[in-house]
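**Q** The amino acid sequence is not available; the structure is as follows:
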Ligand code: SF4
Ligand code: SF4
């Protein structure tokens, strides 16, 4: 259990995207009961919101749960207080990464490679994305990763969901990059890496 930080709730309310929405949570538990990933999460969204109020900074920012949310919207449409749970969870994940907490390294790595590819060519090339993601940890890890997904890759290829040639840049890549740069600036992260 992490130490108690009495200013953590205020820190979240003021600095995390949508963090002040947590004030409206009445701890009914509907989000926790609805979330299809609750069994994989170390803390349900309801528990995360309680831990924030309890000043458990390390426990919240180090929680895998904040990076597991798949934006399925089940909790959000059921929340009686209309709290944007997804935005809060993603806001917490971004805030954690900015403060050198990496609750799920693989998720953070994949997100980084995904973002970089969108920035470079404006679309996703599954072959290139998989190669960059799997080989980020070295050649051996890369080969192991690719072999683990070879069955799925082959099926995608046979069903023409993966093209043999590399994807080209989209026509409006310059405009897209300007938008992404602006989005990065608004999030206070600086420019995207390419
Ligand atoms: S459903 Fe809404 S009000 Fe209920 S615990 Fe979850 S976030 Fe809080
Ligand atoms: S949006 Fe996220 S937190 Fe909400 S139910 Fe879906 S996976 Fe769970």
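**A** On my side now, so go ahead. Keep in mind that this is a model prediction, so the values were computed, not measured. Ligands and ions are numbered 1, 2, ... in the order given.
**Q** shaky segments in the protein?
**A** Within the chain, the stretches with pLDDT under 70 are 1-2, 187-194.
**Q** Kindly provide the distance from the spatially most central residue of it to ligand 1.
**A** A centroid search over the chain (CA atoms, centre = their mean) returns residue 67, at 4.9 Å, as the residue closest to the centre. Between residue 67 and ligand 1 the computed distance is 18 Å (CB to the nearest ligand atom, to the nearest Å). Backbone N, C-alpha and C define where each C-beta goes, glycine included.
**Q** tell me the contacts of that residue?
**A** 93, 96, 103, 104, 107, 108 (CB atoms under 8 Å, 6 or more residues apart in numbering).
**Q** Same check on residue 8?
**A** Residue 8 makes contact with 52, 55, 56, 57, 60, according to CB under 8 Å, 6+ apart.
**Q** ok, and the most crowded of those?
**A** The most neighbours of any of the contacts of residue 8, using other CB atoms under 10 Å, belong to residue 60, which has 28 neighbours.
**Q** That one and residue 92 touch, don't they?
**A** Yes: assessed by CB atoms under 8 Å, residue 60 is found in contact with residue 92 at 6.8 Å.
**Q** Flag every residue of this protein that's near ligand 1.
**A** By CB under 6 Å from any ligand atom, the part of the chain that sits against ligand 1 consists of 25-31, 45-46, 79-81, 83, 85.
**Q** hmm, which of the residues you listed are the buried ones?
**A** 25, 30, 31, 45, 46, 79, 83, 85 (16 or more other CB atoms under 10 Å).
**Q** show me which of those neighbour ligand 2.
**A** Those of those which are also neighbours of ligand 2 are 45, 85, as judged by CB under 6 Å from any ligand atom.
**Q** Just give me the closest of the buried ones among the residues of the chain next to ligand 1 to residue 168.
**A** Minimum separation from residue 168 among those (CB to CB) is found for residue 85, which lies at 37.9 Å.
**Q** ok, the closest one - contacts?
**A** When the contact criterion is CB under 8 Å, 6+ apart, the partners of residue 85 are 31, 45, 69, 75, 76, 79.
**Q** Residue most distant from the centroid, this structure?
**A** The outermost residue of the chain relative to its centre, with distances by CA atoms, centre = their mean, is residue 158 at 30.0 Å.
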